[in-house]
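1. please find the sequence and the predicted model below.
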Amino acid sequence: MMVLGIETSCDETAAALVTDGREIRANVVFSQLDQHAPYGGVVPEIAARSHIEHLDGVIAHAMREGGVGFSDLDAIAATAGPGLIGAVMVGLMTGKAVAGVHNLPFAAVNHLEGHALSARLTDEHLQFPYLLLLVSGGHCQFLAVEGVARYQRLGTTIDDAAGEAFDKAAKLLELGYPGGPAIEQAARDGDAERFDLPRPLKGRPGSDFSFSGLKTALLHKVRDIEGGLNDKDRADLAASFQAAVTDVVIDRGRNAIRQFQTKHPEGQALVAAGGVAANSLLRKRLKSLAEKNGMTLSVPPLALCTDNAAMIAWAGIERLGHNLVDELNAAPRARWPLDVDAPRPPGAGRTGKRGPKA
Ligand code: KG4
Ligand code: ZN
C-alpha cells in the first residue's frame, strides 16, 4: 500500500510517499521560514498564500522522487487540523481533489496524531501503549497513546509551549529565529549555573507545564546586565535557560510516567516528538529518566520530529488499517485536541498563546 501524505497546517509545505511496509519513498518539505523570519513569527495570510503557490510543485517533486504516478497510489492522507485555518484548507482541499479524481480512499489526519504515531514509522518494535511527550512550537503535552485513535492527555501547558519559550528567549537574547537551535548552539559554551532561573510547577503534582514565568525571569536577568549583553552573557543565559526548561520537563516527566504506569503497567516506551525533541540535553536527560523507570526512550529521526508529511502519510496508513476512512466533505479545523475528553488545565488561557502551530 502506497500513500501520498500532504501537510500544510503551519509554515511547512510538505508531501511524502510512504508504504505500509514502512518505506519512505519521498519526504519533501518546503520551509517558508525565510518568508516569516522578518516578522519574528508565522504570519497566517502569508503561510496560506505560500502553500497555494508551492504545494503542486512539492507534490510533483515527491512523486518524481518516489518514481510513481497517481495510478500507483492506494490512498491519500492530508492534515485536516489543528493549525492555521487558511493554511490547513490548502492541503486538505488538494488532498480531497486528488482522492476524488483518482477515486482513492481518503484520510483526514489530525496533525497531532501524525506526531503521536511518527515513532512507529521508524521503530517497528514500538508497541501500544506508550507515553508520548509532544514538545513543539505550539504544543507541550504528555499523552498516553493507547492505540490508533485512542489518546489520553495526562498533562499540558497552561501558558506557553516549550518551543515557544525557546523562541521567545532567543528573541530576548538577540539570537534569531527559530530560537531552539540558536539557544542550544549558544549554550554549548555557557555556564548553566551562573543565572538562577525559576523552575515553574517543579515539585507540584500532575504533569502540566508552565513557561511564561521563566521567560519573564529571563527578561529581568537581561535587564539587570548593565551596558548590554556580551557573548559570554548570552552563552551563560542560554545555558541557564536551557537547563531550567529541561529540569521542568524532566520533573513533569517523572510524574507523567507515574500516571502512565499506574494505568498501563505493561507500557514500556517513552516517546518524544516535535521540534524541541531535537535538543540534545533534553534527549540525554529523557533517556536517563526513561531508563531509571524501566522504560526505553524512542525518538524519531530529526526529519520526522519537525513538521513533515511522512508522519501524515503514516498516520493515514494506521487509520486506514483500522478502517477509519473519511468522506471527502471532512472539515478543516483550527482547533482539534487529540483527547476531546481532557479537562482544560487550571489557569489555561491566562496568557496569550502564540498560535495553533503544533
Ligand atoms: O515541530 P516543529 O518543527 O514545529 C511546530 O511547532 O509544529 O517545532 C518547532 C519548534 C520551534 O519552537 C523551535 O525553536 C524548536 O521546535 N526547536 C528546538 C530545537 N530545534 C527546534 N528547541 C530546542 N532545541 C532545539 N535544538
Ligand atoms: Zn507539528
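-> Cool, got the structure. Residues are numbered from 1 along each chain as shown. Ligands and ions are numbered 1, 2, ... in the order given.

2. so residue 46 is in contact with residue 37, correct?
-> No: look at residue 46 against residue 37 with Cβ atoms under 8 Å: they stay out of range, at 11.0 Å. All C-beta atoms are positioned from the backbone trio N, CA, C, and that covers glycine.

3. who has more neighbours, those two?
-> When residue 46 and residue 37 are compared for neighbours, residue 46 comes out ahead with 16 against 13, by other Cβ atoms under 10 Å.

4. chain neighbours aside, what residue packs nearest to the residue in the stretch 51-200 of the chain positioned nearest to ligand 1?
-> In the stretch 51-200 of the chain, the residue that lies nearest ligand 1 is residue 180 (2.0 Å; Cβ to the nearest ligand atom). Counting by Cβ to Cβ, 6 or more residues apart in numbering, residue 166 is the residue found nearest to residue 180 once chain neighbours are left out, at 4.1 Å.

5. without its sequence neighbours, what residue ends up closest to the residue most central in space within the chain?
-> For the chain, the residue nearest the mean C-alpha position is residue 274 (3.0 Å; Cα atoms, centre = their mean). Leaving out its chain neighbours, the residue that sits closest to residue 274 by Cβ to Cβ, 6+ apart is residue 136, at 3.3 Å.

6. for that neighbour, phi and psi?
-> phi -140, psi -160 (degrees, to the nearest 10).

7. from here on, count from 803
-> All right, first residue 803 from here; so that's residue 938.

8. that one contacts residue 962, doesn't it?
-> No: contact criterion Cβ under 8 Å: residue 938 and residue 962 do not qualify, at 11.8 Å.

9. which residues does residue 1040 contact?
-> 971-972, 975, 977, 984-986, 988-989, 992 (Cβ atoms under 8 Å, 6 or more residues apart in numbering).

10. for this protein, what are the low-confidence residue spans?
-> The chain contains residues with pLDDT under 70 at 1148-1160.

11. ramachandran angles for the residue nearest to residue 1129 when sequence neighbours are not counted?
-> Excluding the flanking residues, the one nearest residue 1129 by Cβ to Cβ, 6+ apart is residue 908, at 7.7 Å. The phi and psi values for residue 908, taken as degrees, to the nearest 10, are phi -130, psi 140.

12. how about the contacts made by the residue nearest to the centre of the chain?
-> So residue 1076 contacts 917, 936-938, 941, 965, 1107-1108, 1160 (Cβ under 8 Å, 6+ apart).

13. pairing partners for the closest residue to residue 1097 other than its chain neighbours in the sheet, please.
-> For residue 1097, ignoring the flanking residues on the chain, the nearest one in space by Cβ to Cβ, 6+ apart is residue 1072 at 5.0 Å. Residues in a beta bridge with residue 1072, per DSSP bridges, are residue 933, residue 1099.

14. residue 1072 against residue 1094, yeah?
-> No: using Cβ under 8 Å, residue 1072 makes no contact with residue 1094, being 10.8 Å away.

15. of the contacts of residue 1076, which belong to strands?
-> 936-937 (DSSP state E).
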